[in-house]
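Asker: Quick one, structure for this:
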Amino acid sequence: MIGEKAGGTVFFDDVIIKEYDENNSFVRDIKFFDFNKKNGWGFWSANTIGEGGFSESEGRTDTSSIYIKNTTSDSNMSGYNYKFIPKQGYSYQISGWMKGENIAQNAACKLRIDFYTANNNVMTRNKAYLATVLQEYINWAKVKKAPIYLGEFGLGIHCFQNNKGGLQFVEDMLDLILENELHFTYHAYHEDAFGLYYGHNALPSISNANGGLINLLTRKLN
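Answerer: The predicted model follows:
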């Protein structure tokens, strides 16, 4: 969200990014932002003047939005946590709602998608990505003739909820670990935030445990 030389305040809400194929036919909505959540966005100003944040009193269909105010130079609110991989030959469109209050005549307030380039292949967070990252350490160990101990890997309890893919991540990691004969520790055996077994100050009990994770580890490591 751009608020260059805004002077006053510019609000942004209900921003959506759409994807179109080579024939300009709609494919999908990449992301919709109603700005009801206050995370993942940061303010930047070229001369450090101004501010950006979340409004709880202004919005398009509710009382929440994102804003930029009192800027005198190039400035933006950026959502670097919301990256996606574009497809070759496809096009992308961003649109949304904006409202200005006391905006300067020379202001440039707009929506913008930033595209980045990379020296290597762009990868998503899947098994191939994990293999690529692990391979760097495996190659180093081979050169140094040193063993590798993966001191810990694991996921927080929320990663196993609402189809977030926690079990798939652990299975992918175990496949790579076993394939490359790596020593490892899973974090953690008994802990509320990360554990196979939950319950603070209580003995581990299968009635209070991550059953899916226990079954996966049992199947893979037996």
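Asker: what about the lengthiest helix in the chain, distance to the chain center?
Answerer: If you go by DSSP state H, the chain has its longest helix at helix 127-144. What separates the centre of helix 127-144 from the centre of its chain is 23 Å, taken as CA atoms, centre = their mean, to the nearest Å.
Asker: buried ones in that helix?
Answerer: Burial within helix 127-144, assessed by neighbour count using 16 or more other CB atoms under 10 Å, is assigned to 130-131, 134. All C-beta atoms are positioned from the backbone trio N, CA, C, and that covers glycine.
Asker: can you give me the helices in the protein?
Answerer: Using DSSP H, helices in the chain cover 127-144, 166-179, 211-221.
Asker: Could you export those helices as CSV, including distance to residue 114?
Answerer: Converted to CSV, the helices of the chain look like this (distance: least, CB to CB, whole Å):
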stretch, distance to residue 114
helix 127-144, 22
helix 166-179, 28
helix 211-221, 38
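Asker: wait, what's in contact with residue 200?
Answerer: By CB atoms under 8 Å, 6 or more residues apart in numbering, the contact list for residue 200 reads residue 192.
Asker: Could you tell me how far it is located from residue 147?
Answerer: Distance, residue 200 to residue 147, using CB to CB, to the nearest Å: 35 Å.
Asker: hmm, back to that, I'd like the mean pLDDT over the longest helix of the chain, please.
Answerer: Average pLDDT, helix 127-144: 95.
Asker: Tell me which residues are up against that helix.
Answerer: 123, 146-148, 169, 172-173, 175-176, 180, 182.
Asker: Identify the residue nearest the geometric centre of this structure.
Answerer: The centroid of the chain falls nearest to residue 81 when counting by CA atoms, centre = their mean (4.5 Å).
Asker: can you pull the pLDDT of the residue lying closest to it once chain neighbours are set aside?
Answerer: Setting aside the residues directly before and after it, residue 81 is nearest to residue 40 in space (CB to CB, 6 or more residues apart in numbering), at 4.0 Å. With respect to pLDDT, residue 40 has a value of 87.
Asker: How about residue 182?
Answerer: For residue 182, pLDDT reads 95.
Asker: ok, now residue 68?
Answerer: The predicted local confidence for residue 68 is 97.
Asker: I figured it hits residue 7, correct?
Answerer: No - in terms of CB atoms under 8 Å, residue 68 does not count as a neighbour of residue 7; the distance is 10.4 Å.
Asker: which of those two has more neighbours?
Answerer: residue 68 (27 against 20; other CB atoms under 10 Å).
Asker: Tell me how many other residues surround residue 213.
Answerer: 21.
Asker: quick one: contacts for residue 169?
Answerer: Residue 169 makes contact with 130, 155, 159, according to CB under 8 Å, 6+ apart.
Asker: Nearest residue to the second one in space, ignoring adjacent ones along the chain?
Answerer: Leaving aside its sequence neighbours, residue 155 sits nearest to residue 166 (CB to CB, 6+ apart; 4.8 Å).
Asker: Might one say that the one you found is in contact with residue 173?
Answerer: No - in this structure residue 166 lies outside contact range of residue 173 using CB under 8 Å: 10.9 Å.
Asker: got the contact list for the closest residue to residue 165 other than its chain neighbours?
Answerer: Spatial nearest neighbour of residue 165, excluding adjacent residues (CB to CB, 6+ apart): residue 159 at 7.3 Å. Residue 159 is in contact with 165-166, 169, counting by CB under 8 Å, 6+ apart.
Asker: Show me which of these is closest to residue 188.
Answerer: Checking the contacts of residue 159 against residue 188 by CB to CB gives residue 166 as the nearest, at 14.1 Å.
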